[in-house]
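In: I would like the atomic coordinates for the input below:
(4 chains, ligands or ions: 4)
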Amino acid sequence: MADLAAAPPRAQHGWSIGWGDAGPFLALAALVLIGFLINPDFLSANNIANVVTRSAFIAIIAIGATFVIASGGLDLSVGSMAAFITGVMILFMNWAAPSVGTAAIPLGMAVALVTSIACGLLNGTIVTIGRIEPFIATLGTMGIFRALITYMTNGGTIAIDRSLRDAYRPVYFGDVLGVPIPILVSLAVALVAAYVLYRTRYGRRCVAVGANEDVARYSGISVARVRTLAFVIQGACVAIAAVCYVPRLGAATPTTGLLWELQVITAVVIGGTALRGGRGRVWGTVAGAVILEFIANLMVLSDFVSEYLVAAVQGVIIIIAMLIQRMSKR
Amino acid sequence: MADLAAAPPRAQHGWSIGWGDAGPFLALAALVLIGFLINPDFLSANNIANVVTRSAFIAIIAIGATFVIASGGLDLSVGSMAAFITGVMILFMNWAAPSVGTAAIPLGMAVALVTSIACGLLNGTIVTIGRIEPFIATLGTMGIFRALITYMTNGGTIAIDRSLRDAYRPVYFGDVLGVPIPILVSLAVALVAAYVLYRTRYGRRCVAVGANEDVARYSGISVARVRTLAFVIQGACVAIAAVCYVPRLGAATPTTGLLWELQVITAVVIGGTALRGGRGRVWGTVAGAVILEFIANLMVLSDFVSEYLVAAVQGVIIIIAMLIQRMSKR
Amino acid sequence: MTAAHAALAPAGLPGPVLRAERLAKEFSGVRVLSDVSLDLRPGEIHAVIGENGAGKSTLMRLLSGYLKPSEGTLFMDGAPAEFHAQADAQAAGIALVHQEILLAEALTVSENIFIGREIARFGRLDERAMREAAAAQLAEIGCKVSPNDLVRDISLANRQLVQIAKALLGTQRVVIFDEPTAVLTHDEVDPLLDIIVELKRRGVAILYISHRLDEVERLADRVTVLRDGRMVGTYDAHGLTPRRMASLMVGREFASLYPARQDPARLGQDESTPALEIEGAHVPGFVTDVSLTLRKGEILGLAGMIGAGRTELFEGLLGLRPSSFRAVRLHGKPVGFHSPAQAAKLGVGYLTEDRKGKGLLLEEKLAPNLTLAALDRVHPIAGLDLAGEADLLDRAVASYDIRLRSRDAKAGQLSGGNQQKLLLAKVMLNEPSVLIIDEPTRGIDIANKSQIYAFIQSLVREGRSCIVISSEMQELIGLCDRILVMRAGRINGELAGDAMTESNVALCATSSATNEKIPGRNIDG
Amino acid sequence: AEKKTIAVSIPAADHGWTAGIVYHANATAKEINKAFPGIEVIVKTSPSASAQVSAIEDLSATRKLDALVILPHTSEELTTPVKAIKEKGSFITVVDRGLNDPHIQDLYVAGDNIAVGFNTAKFLVNRMGGKGNLVVLRGIPTVIDDERIKGFRDGIAGSDLKILDIQYANWNSDEAFKLMQDYLAKYPQIDAVWANDDDMLLGVLEAIKQSGRKDIKFALGGNGMKEIIEKVMAADPVTPVETPYPPSMIKTAIYLTAAHFAGHAPVRGSLKLDAPLITKENAEEYYFPDSPF
Ligand SMILES: Nc1ncnc2c1ncn2[C@@H]1O[C@H](COP(=O)(O)OP(=O)(O)OP(=O)(O)O)[C@@H](O)[C@H]1O
Ligand SMILES: Nc1ncnc2c1ncn2[C@@H]1O[C@H](COP(=O)(O)OP(=O)(O)OP(=O)(O)O)[C@@H](O)[C@H]1O
Ligand SMILES: [Mg+2]
Ligand SMILES: [Mg+2]
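Out: Ligands and ions are numbered 1, 2, ... in the order given. So this is what the prediction gives:
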């Protein structure tokens, strides 16, 4: 008979970050230490604030990607989707500004959200209903979104209307009690995402679908619906990132968001989410995004890397960060 | 008792292409038909020869990628590896030319092969011994190789020595009985690859490792060795592609091979190899590479696509090609 | 009966080929096996028995080089042996038939059998030689699949046979069978046991794990009993009855396996609407025109040989595979399921026979596995109730007697039998009124079997109804009120009351009274 | 005296022209660091607009920048961040691409992209008697590309030169090679080709050579790559002229900025480099054999 009195204590999972998931944070800590040794300015409040604020875009998009990847998918279209959404949003705001003034900004945000959810839905349905490998499906839509923004801009630039610029500026440059707004936004997104992934039915199903599609099906989960929804969440995250992004650069161009998809996937994987699905780590993803941005920052702040070799050093650091992350697991 | 005589004939895989694997060829046929309807020049011998010759690089690299992907890996570094190998080869040939004359060409080829095998070994060991997700490992080396070629060229161009140019030119522009040499080379590579994948122990193990790592390990297969070797094969294929590539433009630049990795993976997947491993289709891969090049060609030959929207139409066609490929399966 | 330890081996017999001394194994600090010593002589069948989670599979993995012992030594032919990888053990002539199926689904049967030791001539694979050798090996153990079939397309039972064929290929000195018969039906078991006896005759040493104690009684020369990771002892099998074995395993006297049958009269009188009626079921390639009725409060058995189509019938019913039905009525109301979720909502639960592939998330912890199909139960407005979920797990652990060493364990780390119990608990969480159990006691030890039987009885006593698909005839006979026998996708007979005997079931399952082939599928292939 | 810091922020070397920029920037930094002990020049390259924004933020966050010489990836995206640096009191030198707000810059050094397109077009109009069929290869969708195409279209306006086709080839010789092969397959009669950058022209020439076609009278590029200048010097009939868009403009800009500090005299204003046709006669002037470009 089972000796229940002697039954082992319960596992705590959920919000708290278990020791086994500490990998990305250790890698981050190592990086910060190295950064400080190379250039003490690295730890200046100003620099840290800049870097973390910048990492917000990738972090927010990567949080969405955590869902997609945990559910066994992959989305290569996020970078060009971000560019496309930015373009749509700016076009809409510029069109609305003359009639509604700065109210164009919240309206534009709403338009961005709706558009990006539609984009996510498109990706999701191609993958689930079309039954096409996510890699290929989103490579296709990546081309589509990129072409659309090129078309919208006629190969040039769409800048945000001057009348809106100042009103919109604080969304990137403002702060609340000294904390830059993009950081707050990404924290909020991460909190909500962690809640959804760890504390809701949907989150459970998402991970189950990624871990074993058959088990999910036999457990009465609609695999297609769960997967599609993950792409929609990804879309929404892209919209949020775009909303924060617009005031920073003030324009959409055909090169906006180029290769973000690689950064996003790297952030997710460094964060401890398994690329084959079945495991999602929201806070790890955030750490991963910050790590990537710190690496880039370090390249600028340190002086001994030839600018031709920056990419090589970054590649090496990413591999080392993954090794630290791996080894900390066991 | 098992009635072997009455056993249903099952698709023999190997040299002959089973009906179930006809997908990519059907997609290719559909594309050729559409191309002809849009612009009859599409089927001119000259155009076909150009396009198929062009597809040779991607095809050769993608044949290597078929091994990597079938064994459950992924290699994002092939494009920049190709650039790096091209650079090393040209530098070596230019250095050797004054002393050995045109013998520098075969020597350069050997150097390219050795270097690229070393590169493949690097990728393989990071993935297997470092136990890092192939996506991230090769993203890292992609940065490294790209940086190295940028460094070698000082961001500019390394052109092949004038004295070698004419001797080397036929490797791309020459033909045997009217068939361009790159096409012959890629056919030869495909033949050898098909033999290795379908007819040797190694090929069998490669697929087994991709199909189920545990089973392979429990069957006494050294998973790490098989995976590493797949990356080495990939490296060798990159070298062969580079050898054919050099005479085309006679130079290596930091933009050589940019984004080839995406084309390569797309070719492999359109060809019917499963991205999650456990299934490799060499001839399908070749068809996939030709499909991609035909799509690009069609974009130029047709008149009704705005230059801004080319990428969108390509994306749509790739998705449709995948759908054709899928549907033909069952 | 006295414990007869290895040292007491009769003189004149050859020395042990494989000997284990004081083996112990820990998984991340949790000790699951301690101080186990046993030896294996050429030409003997040595059975290892014990409750679910007693450590049998772990011991087998230590002996065959899949795991390294934390303590203790292995001796091969008297000399200390250390297996660094499974390949070393394989080279030494030790083969293990895993309890869990370990085959690559995307590859063919012949490819799977020859993974890692492909036959090649001058570097070129000799497909024909491999196919022929595979076919011969398969034929020898009575497996009717073709070497060219994809493993994905063959039934679980056949996969097990393929796995056995794979292990037996080549010359072996020690063959370890970890519950080889758990997924086999009566008719497949016999040829397998014949093979094992034949191996023994050839001087191969055999380690045999099974929860089917009658098999152990039939085969074994010696029996080692494990309880909670420790040795109870090694016994001479002569005169060791299944009942005695059971008592040694559980450490107390063991009563009866099957609960008292319910009063058949009561069932007959109950003229209320049937719980489930199926008319004209077609599952392309598997099932042709099957109709059946499950009465309220009834336990209906479904017997048949491998490939009879029992599993497919119900997977079709739940919308898990393409199928068509003339009519399906649940408690008299016409229904049609398009997903297990919808079926669950209407009160129909299905427990899959493939716990590893379709039942549990092996890499996931226990609680998420338990509640996966019934997340609504742990989802008040404010998100998942993790405490409530943990309570559910506690309750499941208690009522299904799931043995675990750590609550942090992943489902894949449970022993096979305990995985099965977890799966049962998972399906029951939806409180189905009609429960379809595919192989309810596959891999479950005898004590827990009787618990599960009692549990099923209590279900029907509560007014629920149950369909039991099983390959163990005795189980069906002991448990069910009525048995339908399927053959080649059709119902070939119905047995009730005294007609429910092993020979009748076997006859129905094999006789070709209706000798038709199912369209679109080659049964013999 | 306190050392003055001049930060130079430029695009990473991703094709020939930017490689030239990086080459000249580095060479100039070395010269100035040696010649003026009181001035330190640091060069940072960035692969994209957003990376460039990050880079200048990083530089200004960690040290005091006395001057910033910037060749912006794009005008719109860099305007606000550069303004922020300006507000901290740095001297701003803008190179090549103007910011949206000209008040930000203290010094502006630029080539003339419109003239690159326009002068090439005028040359073709003159030499082809005002009529003929053209195909055009353009680069990556950005401002520079846009301006050159615009200049070119303006240049042929009013003539009977007809643009048969125009497509992106991403300033990449490979893609240009393929595109030109396809153009050749598509159009039986092409009188002239213009690739708006010399990298692409290399691919174009290779494709023409392979086809053996004789109908193409001119194949022109732009930017002043040394291989092309060599052709001009050798009086190549197909590529007799070239338009400069010399990456050495970054050198000019850095020297002028350094002069602001070293010369103790304010240097302000704007300097627009011409894009005159390079012909056999003046080609020598534009030839830098050591530059990678
Ligand atoms: N990899 C592992 N990590 C942690 N614990 C494990 C692992 N494998 C097995 N265990 C634990 O070891 C104990 C013994 O398991 P084992 O599989 O050997 O039992 P068994 O006797 O074969 O049971 P069954 O009859 O159910 O197959 C169980 O409590 C199980 O949870
Ligand atoms: N996907 C498939 N494609 C083709 N044949 C299949 C497929 N799946 C199973 N089969 C075959 O169909 C037959 C029906 O198998 P099934 O497994 O599980 O029936 P069953 O009556 O449930 O038997 P059991 O549960 O005892 O194995 C088997 O002979 C099997 O080889
Ligand atoms: Mg076991
Ligand atoms: Mg079954």
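
In: Quick check: bridge partners of the residue of the stretch 201-330 of chain A found nearest chain D?
Out: Per Cβ to the nearest Cβ, A:Ala251 is where the stretch 201-330 of chain A lies closest to chain D, at 3.2 Å. Where you see a C-beta, it was placed from the backbone N, CA and C, and this is true even at glycine. Note on A:Ala251: beta-bridge partners A:Ala159, judged by DSSP bridges.

In: so C:Met305 makes contact with C:Ala509?
Out: Yes - assessed by Cβ atoms under 8 Å, C:Met305 is found in contact with C:Ala509 at 5.1 Å.

In: Surely C:Ser37 and C:Ala24 touch.
Out: No - here C:Ser37 does not reach C:Ala24: they are 10.7 Å apart, not a contact under Cβ under 8 Å.

In: Now do the shared contacts for those two.
Out: Here C:Ser37 and C:Ala24 have C:Gly72 as joint contacts, going by Cβ atoms under 8 Å, 6 or more residues apart in numbering or on different chains.

In: which residue ranges form the helices in chain D?
Out: Using DSSP state H, the helices of chain D run over D:16-35, D:49-62, D:75-87, D:113-127, D:143-156, D:173-186, D:198-211, D:226-233, D:249-262.

In: mind putting the ones you listed in a markdown table, mean neighbour count included?
Out: Formatted as a markdown table, the helices of chain D follow (neighbours: other Cβ atoms under 10 Å in any protein chain shown):
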| stretch | mean neighbour count |
| --- | --- |
| helix D:16-35 | 21 |
| helix D:49-62 | 23 |
| helix D:75-87 | 21 |
| helix D:113-127 | 21 |
| helix D:143-156 | 21 |
| helix D:173-186 | 25 |
| helix D:198-211 | 25 |
| helix D:226-233 | 21 |
| helix D:249-262 | 21 |
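
In: In a markdown table: those, plus distance to A:Tyr202 and mean pLDDT.
Out: A markdown table is the format used below for the helices of chain D (distance: least, Cβ to Cβ, whole Å; pLDDT from 0 to 100):
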| stretch | distance to A:Tyr202 | mean pLDDT |
| --- | --- | --- |
| helix D:16-35 | 46 | 86 |
| helix D:49-62 | 32 | 84 |
| helix D:75-87 | 37 | 85 |
| helix D:113-127 | 51 | 89 |
| helix D:143-156 | 44 | 88 |
| helix D:173-186 | 43 | 87 |
| helix D:198-211 | 49 | 88 |
| helix D:226-233 | 59 | 87 |
| helix D:249-262 | 53 | 87 |
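
In: so which of the ones you listed comes closest to ligand 2?
Out: Distance to ligand 2, taken as Cβ to the nearest ligand atom, is lowest for helix D:173-186 among the helices of chain D, at 44.8 Å.

In: relative orientation of the closest one and helix D:198-211 in degrees?
Out: Orientation check (axes from the mean of the first three to the mean of the last three Cα atoms, to 10 degrees): helix D:173-186 against helix D:198-211 gives 40 degrees.

In: and helix D:173-186, what other elements does it pack with?
Out: If you count contacts as 3 or more Cβ pairs under 8 Å, 6 or more residues apart in numbering or on different chains; DSSP states H and E, helix D:173-186 packs onto helix B:45-70, helix B:223-249, helix B:282-301, strand D:131-138, strand D:160-168, strand D:192-195, helix D:198-211.

In: The first one: what's the following helix or strand?
Out: For helix B:45-70, the succeeding helix or strand toward the C-terminus, using DSSP states H and E, is helix B:78-100.

In: what does the third one give?
Out: Scanning forward in sequence from helix B:282-301 by DSSP H and E, the next helix or strand is helix B:310-327.

In: Give me the residues contacting that following helix.
Out: A:126, A:130-133, A:136-137, A:139-144, A:146-148, A:150-151, B:23-24, B:26-27, B:30-31, B:266, B:269-270, B:272, B:291-292, B:295-296, B:298-299, B:305, D:167-168.

In: Any quick PyMOL command for the buried ones out of these?
Out: Filtering the contacts of helix B:310-327 down to the buried ones (16 or more other Cβ atoms under 10 Å in any protein chain shown) takes a single PyMOL command:
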select buried, (chain A and resi 126+132+133+136+137+139+140+141+142+143+144+146+147+148+150+151) or (chain B and resi 23+24+27+31+266+269+270+272+291+292+295+296+298+299+305) or (chain D and resi 167+168)
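
In: In a markdown table, list the helices of chain D along with distance to B:Ala242.
Out: Putting the helices of chain D into a markdown table (distance: least, Cβ to Cβ, whole Å) gives the following:
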| stretch | distance to B:Ala242 |
| --- | --- |
| helix D:16-35 | 20 |
| helix D:49-62 | 29 |
| helix D:75-87 | 36 |
| helix D:113-127 | 33 |
| helix D:143-156 | 29 |
| helix D:173-186 | 13 |
| helix D:198-211 | 17 |
| helix D:226-233 | 21 |
| helix D:249-262 | 33 |
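
In: so which of these comes closest to C:Ser146?
Out: Evaluated with Cβ to Cβ, those place helix D:173-186 nearest to C:Ser146, the distance being 48.2 Å.

In: What angle do helix D:16-35 and that closest one make with each other?
Out: Interaxial angle of helix D:173-186 relative to helix D:16-35 (the same axes, to 10 degrees): 150 degrees.

In: near chain C, which residues of the stretch 51-200 of chain D show up?
Out: Residues of the stretch 51-200 of chain D that fall close to chain C, judged by Cβ under 8 Å from any Cβ of the partner chain: none.
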